[in-house]
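A.B. asks: one predicted model, sequence on top.
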Amino acid sequence: AFDRVAERLGASTQALADSELRSRAIVDTSLHGIVTIDAQGRMRSFNPAAEQLFGYAATEAVGQNVTLLMPSPYQEEHAQYLANYRTTRRPKIIGIGREVRGRRRDGTTFPLDLAVSETFVHGETVFIGLLRDLTAERAAGAALAETQARYRQLADVMPDALWITEADRLTFANPACLRLLGATAPEQVLGRPQHDFVRPDARADVASVDATITRLDGTTRSVEMTTARFPSQVAHAVLAVFRDVTEQRLSEARARDLEQQAQQQQRLADIGVMTARIAHDFGNPLAGLSMTAQRIMRRIAHDPTAPVTSLEAPAQIIVDTVRRLDTLVNEFKEFAREQRLNLAPFDVPGSLRELVAFWEGEATARGIALSIETHDDLPSVQADAEKLRRVFDNLVKNAIEAVEPGPGEVRIRAYRGTVTTLHIAVEDTGPGVPPDRDIFALFETTKTNGTGLGLPICQQILAAHGGGITVASREPRGTAFVVEIPIGGPVLH
């Protein structure tokens, strides 16, 4: 019996020893400091993590009062706490975590998270303190608070309006934003859906768009709006920056009105010049027509039996003169008429190939090589197809006539000018344009039978499209016309 008792006692002792080893291993490997004290405040154990925290070795700390690890006033508070506990047996901090300050061996202090529990060992009260260093956490928090304060200060002084929305509702608005919205306090706008102030179609993420803001009083402002998503615990967190461009837009509108008025005045002046020129150009041909017709009538009166063939030459003069006058009148009407565009997607490479096919026979007959360089991947442009074909046709016809007689070359190139424009170049090896000639001026022509209206009409058509045309001499000889067309079509206001 004694052996069985001894055996059970040995097993219990071994189990207890094993348990103590496991407990010691847990305490020794814990990342948190663990300190145990008795009812008088003397430290009973001090694990390696506590050594790292405070800079004391366990052999130095054990047996010392725990106030060794505390700066004032925690020392005095702790002593009073233990005295009260011994008298009343009512704990105040047992089972409650709180933030305190610890004191290292070198005298520096640092923030600690302290959790205290109570147990009994051999009938004695033992307090277990679990300690976690909050230094890095507090530093990160302070840095974050400083950063947030810096950004808030920046937002407060920036001239542009800024708001933050989470789940489509305003959660922040800087002072400039409050002014833009006509608010005097953040409470007037925070929490409200953003579509109360800006149209839903202007809320593209990571985009810059023109938008209209509706203020609290119902009035509107024109703004440039830039938005971007940013990390947040709430879905659909978006930062938006607004620049009030109302006055700028009004100024631009006034400038456009003044420009249109100036263009209209210039058009009236041009029409006046054209009227005078046409009156002059009509005078001599009409006099010639009258004289030719009188000559025919006299010939008929003198010899009514004369053959018709004798009248063919003067009759042809009348026909040619009328045709020239008809061309002049039609081009005058085209120039005087306001350019109204029928916009639709226009295939520039395809249209240019059709143009080359049309003029190739004429060019070959004159000993002129007509070629084209383009790419099928060029985008379509928003344009009036009929009017642009007229521009290209006029330029190619002029180039062929400039080179005649051959041999010579006319080359057409279509290429991307910028991200938003296409360029079409018509280049020839003709004699070029004299530097003192403004070939875009009314009635300015280098051709014997030209009206001097073709290029001004081309310039007018391209200006209506939001584009333009330039001319330059080529080396060693020749001329290059370059047409610029916006891909998206003219900007309409």
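C.D. replies: Looks like it came in fine.
A.B. asks: per-residue confidence at the residue nearest the centre of the chain?
C.D. replies: Nearest to the mean C-alpha position of the chain, counting by CA atoms, centre = their mean, stands Ser208 at 4.3 Å. Listed pLDDT for Ser208 reads 73.
A.B. asks: which residues touch it?
C.D. replies: Glu224, Met225, Thr226 (CB atoms under 8 Å, 6 or more residues apart in numbering). No exception for glycine: its C-beta is placed from N, CA and C like everyone else's.
A.B. asks: does it sit in a helix, a strand or a coil?
C.D. replies: Put simply, Ser208 is strand when judged by DSSP: H, G, I helix; E, B strand; the rest coil.
A.B. asks: beta partners for it?
C.D. replies: Thr226 (DSSP bridges).
A.B. asks: and the strands in the stretch 251-400 of the chain?
C.D. replies: Secondary structure of the stretch 251-400 of the chain (DSSP state E, counting those that start in this stretch): strands at 344-346, 368-373, 381-383.
A.B. asks: and these: which comes nearest Gly432?
C.D. replies: strand 368-373 (15.9 Å; CB to CB).
A.B. asks: so what touches the closest one?
C.D. replies: Residues outside strand 368-373 that contact it (CB under 8 Å, 6+ apart) are 352-353, 356, 359-360, 363-364, 396, 400, 403-404, 406-415.
A.B. asks: tell me the average confidence for stretch 368-379?
C.D. replies: 90.
A.B. asks: all helices in the protein, in order from the N-terminus.
C.D. replies: Applying DSSP state H to the chain gives helices spanning 2-29, 48-54, 58-61, 74-88, 135-157, 175-181, 246-302, 312-336, 348-365, 385-403, 454-464.
A.B. asks: can I get the strand of greatest length in the chain as PDB, trimmed to CA atoms?
C.D. replies: Longest strand of the chain, by residue count under DSSP state E: strand 109-121. C-alpha atoms of strand 109-121 as PDB (Å, rounded to 0.1, in the frame of the first residue of the first chain):
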ATOM      1  CA  THR A 109       9.600  56.400 -19.300                       C
ATOM      2  CA  PHE A 110       7.400  54.800 -21.900                       C
ATOM      3  CA  PRO A 111       3.700  54.000 -22.400                       C
ATOM      4  CA  LEU A 112       2.500  50.500 -21.300                       C
ATOM      5  CA  ASP A 113      -0.700  48.500 -21.700                       C
ATOM      6  CA  LEU A 114      -1.200  46.800 -18.300                       C
ATOM      7  CA  ALA A 115      -3.600  43.900 -17.500                       C
ATOM      8  CA  VAL A 116      -3.600  42.600 -13.900                       C
ATOM      9  CA  SER A 117      -5.000  39.300 -12.700                       C
ATOM     10  CA  GLU A 118      -5.000  37.700  -9.200                       C
ATOM     11  CA  THR A 119      -4.200  34.100  -8.200                       C
ATOM     12  CA  PHE A 120      -3.200  32.200  -5.100                       C
ATOM     13  CA  VAL A 121      -0.100  30.200  -4.600                       C
END
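A.B. asks: okay, the angle between that strand and helix 135-157?
C.D. replies: Strand 109-121 and helix 135-157 are oriented at 140 degrees to each other (axes from the mean of the first three to the mean of the last three CA atoms, to 10 degrees).
A.B. asks: how about strand 109-121: buried residues?
C.D. replies: Pro111, Leu112, Leu114, Ala115, Val116 (16 or more other CB atoms under 10 Å).
A.B. asks: now swap in stretch 209-220 and tell me
C.D. replies: Ala211, Ile213, Thr214.
A.B. asks: could you do stretch 429-441 as well?
C.D. replies: Thr429, Gly430, Gly432, Val433, Ile439.
A.B. asks: how about stretch 182-197?
C.D. replies: Gly182, Ala183, Val189, Leu190, Arg192, Gln194, Phe197.
A.B. asks: contact partners for the third one?
C.D. replies: This points to Val189. Contacts of Val189 (CB under 8 Å, 6+ apart): Trp163, Leu170, Ala173, Cys177, Leu178, Leu181, Ala183, Phe197, Leu216.
A.B. asks: surely Gln459 and Ile469 touch.
C.D. replies: Yes. If you go by CB atoms under 8 Å, Gln459 and Ile469 touch, sitting 5.6 Å apart.
A.B. asks: and which of the buried residues of stretch 209-220 is nearest Leu455?
C.D. replies: Of all the buried residues of stretch 209-220, Leu455 sits closest to Ala211, with 41.2 Å by CB to CB.
A.B. asks: returning to what we had before: okay if I get the contacts of Val189 as JSON lines plus pLDDT and distance to Pro486?
C.D. replies: As requested, the contacts of Val189 are arranged in JSON lines below (pLDDT from 0 to 100; distance: CB to CB, whole Å):
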{"residue": "Trp163", "pLDDT": "91", "distance to Pro486": "34"}
{"residue": "Leu170", "pLDDT": "92", "distance to Pro486": "37"}
{"residue": "Ala173", "pLDDT": "93", "distance to Pro486": "37"}
{"residue": "Cys177", "pLDDT": "94", "distance to Pro486": "34"}
{"residue": "Leu178", "pLDDT": "95", "distance to Pro486": "39"}
{"residue": "Leu181", "pLDDT": "94", "distance to Pro486": "35"}
{"residue": "Ala183", "pLDDT": "94", "distance to Pro486": "40"}
{"residue": "Phe197", "pLDDT": "93", "distance to Pro486": "32"}
{"residue": "Leu216", "pLDDT": "94", "distance to Pro486": "39"}
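A.B. asks: show me which pair in these is furthest apart.
C.D. replies: The distance between the two most remote of those (CB to CB) is 13.9 Å, for Trp163 and Leu216.
A.B. asks: point out where the stretch 101-250 of the chain drops to low pLDDT.
C.D. replies: 200-207, 232-235 (pLDDT under 70).
A.B. asks: again, 80 this time
C.D. replies: Scanning the stretch 101-250 of the chain for pLDDT under 80 picks out the ranges 122-123, 144, 147-149, 151, 199-208, 230-236.
A.B. asks: contacts only, for the closest residue to Lys397 other than its chain neighbours.
C.D. replies: Take Lys397 and drop its neighbours on the chain: the residue closest to it by CB to CB, 6 or more residues apart in numbering is Trp359, 7.3 Å away. Contact analysis of Trp359 by CB under 8 Å, 6+ apart lists Leu370, Val396, Lys397, Ile400.
A.B. asks: count the neighbours of the nearest residue to the first one once chain neighbours are set aside for me.
C.D. replies: To tie it back to what came earlier, the one meant is Leu370. The shortest distance from Leu370 to any non-neighbouring residue, by CB to CB, 6+ apart, is to Ala363 (4.0 Å). Close neighbours of Ala363, defined as other CB atoms under 10 Å, add up to 22.
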